[in-house]
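> here you go, sequence then predicted model.
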Amino acid sequence: MKCIECKEFDANKESGLCDACENIELRKINGLLYLPAIGLILGIVRSANELYILTRVIVDHFDETSFLSYYSMGAVAFLIADFLTPLYASLSFFRRKKNTRKVMIIYYLIGMISALYFTVLPFVVDNTQYEMEDVGIIVNGLFGVVIGIPYFLLSKRVNSVFCR
């Protein structure tokens, strides 16, 4: 039986592909790796939108009051980091660089830290009430830390795609 992909070499019984085509197939981003890829793309779009909205609000507030708080400066810094990190992570991810594992772990950690900054810090400092949007932000950050980081540390698929 010939390989179903290249039709040149004998195929393995399990996959129907020859050894060379199996190696090429193993190095592709597919399967569960689609979830981090979608998360990176959505993270770039979301963070760019949030950065734009917050910057407009801060500029309007500064025009009215001529005051800029430390919290708003920190929020802009976190949103800039929250925009640049998934941008760099997506470049590393889609180019299948060796450092993708480390970059993705940093991406998930920065996401969790910024989620805590935007939800827990106002609760602690100003004693504000939680809203459903705040709970969603924290759950999103926890999802990355609890599921994303162990996946990138322990997955054999990540080793075959990103580590050469």
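Received the coordinates, thanks.
> what's the pLDDT at the one residue sitting closest to the centre of the chain?
The residue lying closest to the centre of the chain (Cα atoms, centre = their mean) is L40, at 4.2 Å. Predicted confidence (pLDDT) for L40: 93.
> I'd say it and L91 touch.
No: the criterion here is Cβ atoms under 8 Å, and L40 misses it with L91 at 9.5 Å. Yep, even glycine has a C-beta here, placed from its N, CA and C like the rest.
> what about the helices in this structure?
Applying DSSP state H to the chain gives helices spanning 19-26, 34-65, 70-94, 100-126, 132-143, 149-154, 156-162.
> and those as JSON lines, adding distance to K2?
Shown next, in JSON lines, are the helices of the chain (distance: least, Cβ to Cβ, whole Å):
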{"stretch": "helix 19-26", "distance to K2": "11"}
{"stretch": "helix 34-65", "distance to K2": "30"}
{"stretch": "helix 70-94", "distance to K2": "32"}
{"stretch": "helix 100-126", "distance to K2": "34"}
{"stretch": "helix 132-143", "distance to K2": "44"}
{"stretch": "helix 149-154", "distance to K2": "36"}
{"stretch": "helix 156-162", "distance to K2": "25"}
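> who wins for proximity to C6 among the ones you listed?
helix 19-26 (5.7 Å; Cβ to Cβ).
> average pLDDT for stretch 87-94?
Here the average pLDDT along stretch 87-94 is 93.
> which of the residues in it are buried?
By neighbour count on 16 or more other Cβ atoms under 10 Å, the buried set for stretch 87-94 is L87, A89, S90, S92, F93.
> closest to F123 among these?
Distances from F123 to these, taken by Cβ to Cβ, are shortest for A89, at 28.4 Å.
> pretty sure that closest one contacts M104?
Yes: applying Cβ under 8 Å as the test, A89 and M104 come out as touching, 5.8 Å apart.
> low-scoring pLDDT stretches of this protein, where are they?
Residues of the chain that meet the criterion pLDDT under 70 lie in 3-5, 7-17, 19, 21-27, 164.
> the same query, at a cut-off of 80, please.
1-31, 127-128, 130, 160-164 (pLDDT under 80).
> measure the closest residue to the residue nearest to the centre of the chain other than its chain neighbours to G43 for me?
Spatially, and ignoring its direct neighbours in sequence, L40 is nearest to S90 (4.2 Å; Cβ to Cβ, 6 or more residues apart in numbering). Counting by Cβ to Cβ, to the nearest Å, the gap from S90 to G43 is 8 Å.
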